[in-house]
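>>> sequence and predicted structure below; questions after.
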Amino acid sequence: MKTNKNIKAIAKSIKDVNNFPRLGIVFKDVTPLLKNPKKFDLCINEMVKLLKNKKYDIVAGMESRGFWFAVPIAQKLGLGFVPIRKKNKLPRKVISTTYELEYGFDTLCVHKDDIKKHQNVLVVDDVIATGGTIIAVKKMFDKLGANFKDCLVLAELKSMNGKEKVKKVGVNLLSLIKM
C-alpha cells in the first residue's frame with residue numbers, strides 16, 4: 001500500500017539527537033523533513049487523511065514545532081489557526097497553564113478570545129512523549145468551554161505512554177508515526 005510506503009519515508013526523515021536538550025533525552029529532530037518540500041507536503045497530506053469524517057471549527061498548534069504542522073493542516077481543512085504559545089509571547093489577554101515536561105516545567109498560553117465556547121478544536125503538534133503538553137492544553141480549553149477531543153501529531157513515542165495519559169482526560173490521539 002502506497003500510504004505505508006509514504007509513512008516509512010516520512011519516518012526516516014526524523015533524526016534522533018542524543019542528550020538534547022539535556023543529558024539522557026533523545027530529541028526527535030523533524031527539521032530534515034521540513035527541508036524536503038515534497039516529503040513535507042506528503043507528510044501533511046498523510047496527516048490530514050487521519051482526520052477523515054471529523055469536523056472541526058479551528059486548528060490550534062503548539063509552540064513552536066507544532067506550528068510547522070498545524071498551519072498547513074488548517075489551510076488544507078479551510079480553517080483558521082490559533083497559536084498556543086509560551087509565557088509572555090502573546091499580546092492580548094490570555095489563559096495559561098503550567099505543566100511538567102520530561103525535563104522541567106513550562107507554561108502555555110492562548111488568547112482568551114481566540115477559542116470560543118463550544119468550538120470544536122483540533123490541536124496539532126509534532127511529537128507526543130508523556131502527553132503533559134496535551135493535558136495542559138486540555139485544561140486550558142476546558143476552562144474556555146471549548147470541545148477539544150482530538151490531537152493530531154506527526155509522531156508518537158510509544159514507550160512514554162502519552163497516548164494512554166491523554167485518553168484518561170478525554171483526548172483521542174491521532175498519530176501518523178509510532179516510534
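Thanks, I have the structure now. Numbers count the residues shown, from 1 in each chain.
>>> give the residue spans of the protein that score low on pLDDT.
Applying pLDDT under 70 to the chain flags the ranges 1-2, 102-103.
>>> would you map the strands across it?
15-18, 26-29, 58-62, 80-86, 94-101, 104-111, 120-128, 147-156, 172-178 (DSSP state E).
>>> verify the stated contact: D114 with V82.
Yes: between D114 and V82 there is a contact under C-beta atoms under 8 Å: 4.5 Å. For every residue, glycine as well, the C-beta is placed using N, CA and C.
>>> what residues do the two have in common as contacts?
I58 (C-beta atoms under 8 Å, 6 or more residues apart in numbering).
>>> circling back to that earlier point, K52: which of the strands of the chain is closest?
Checking the strands of the chain against K52 by C-beta to C-beta gives strand 172-178 as the closest, at 10.1 Å.
>>> who's in contact with the closest one?
Contacts to strand 172-178, defined as C-beta under 8 Å, 6+ apart, come from residues 7, 10-11, 14, 43, 46-47, 50-51, 128, 131, 134, 149-156, 158, 162-163, 166-167.
>>> what subset of those is buried?
Neighbour counting by 16 or more other C-beta atoms under 10 Å classes 7, 10-11, 14, 43, 46-47, 51, 128, 131, 134, 149-156, 162-163, 166 among the contacts of strand 172-178 as buried.
>>> can you redo the strands of the chain as TSV with distance to K138?
Converted to TSV, these look like this (distance: least, C-beta to C-beta, whole Å):
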stretch	distance to K138
strand 15-18	28
strand 26-29	22
strand 58-62	11
strand 80-86	11
strand 94-101	9
strand 104-111	11
strand 120-128	8
strand 147-156	6
strand 172-178	11
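>>> among the ones you listed, which is nearest F69?
Among the strands of the chain, strand 120-128 sits nearest to F69 (C-beta to C-beta), with 5.2 Å.
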